[in-house]
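Asker: Give me the fold of what follows.
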Amino acid sequence: MRQLIEMHRKNAPCSTCHKIMDPIGFSMENFDAVGTWRTTDNGSLIDPSGVLVDGSKLDGVKGMREALLRYSPQFVRVVTEKLFIYALGRGTEYYDMPLIRSIVGDAGAKNDRFSALIVGIVKSEPFQVNQKQEITSNGPRALQAGR
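Answerer: Numbers count the residues shown, from 1 in each chain. Sure, this is the predicted structure:
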């Protein structure tokens, strides 16, 4: 698989994204599709090494963990944004960013616990007043508040 991806990455338009994504994927290659640890894939040894775009070398999940710790503020912010998108069922907008920064800050005071991010999102006004709509023959009607 690694050799196929490296061949694909030689295409100029593809290499831009692949040089960012591939090292992350390679670092977790020891996990199969259901999360079981493995050292070979179809009889070939797995090479979980790679180099991030900042030049940091990765050697498997340990190296990925160290990279995430180096970029912890960005990682927590992106995770919060993605959870927020999932919780609201819509993308984030510029006016959501102060709330997201507030949730991240509050979670930072709680050692960036995942549960603190979830609680921050659930207690937020956008989540509390979020309503899904069902389209009926008589027009839209609200289904539920929150999720």
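
Asker: chain center to the helix or strand hosting residue 69, what's the gap?
Answerer: Taking DSSP states H and E as the criterion, residue 69 maps to helix 60-70. Centroid displacement of helix 60-70 relative to its chain, using CA atoms, centre = their mean, to the nearest Å, is 14 Å.

Asker: Ok, stretch 124-133 next?
Answerer: Worked out by CA atoms, centre = their mean, stretch 124-133 lies 23 Å from the chain centre.

Asker: just to revisit the earlier point, now for the helix holding residue 69, which elements pack on it?
Answerer: Judged by 3 or more CB pairs under 8 Å, 6 or more residues apart in numbering; DSSP states H and E, the packing partners of helix 60-70 are helix 12-27, strand 57-59. Yep, even glycine has a C-beta here, placed from its N, CA and C like the rest.

Asker: how about TSV for those, with distance to residue 72 added?
Answerer: Converted to TSV, these look like this (distance: least, CB to CB, whole Å):
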stretch	distance to residue 72
helix 12-27	16
strand 57-59	16
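
Asker: ranking these by burial, who's on top?
Answerer: strand 57-59 (a mean of 16; mean count of other CB atoms under 10 Å).

Asker: Just checking: what are the partner strands of it?
Answerer: strand 49-51 (antiparallel) (DSSP bridges).

Asker: buried set for the strand it pairs with?
Answerer: residue 50 (16 or more other CB atoms under 10 Å).

Asker: what's that strand in contact with?
Answerer: The contact list for strand 49-51, computed with CB atoms under 8 Å, 6 or more residues apart in numbering, reads 22-24, 26-27, 57-60, 63.

Asker: Also stretch 31-44?
Answerer: Under CB under 8 Å, 6+ apart, the answer for stretch 31-44 is 1, 29-30, 45-46, 61.

Asker: can you rerun that using 7 Å?
Answerer: 1, 30, 45-46 (CB atoms under 7 Å, 6 or more residues apart in numbering).

Asker: what does stretch 53-68 give?
Answerer: 19-20, 23-24, 27-28, 30, 48-52, 75.
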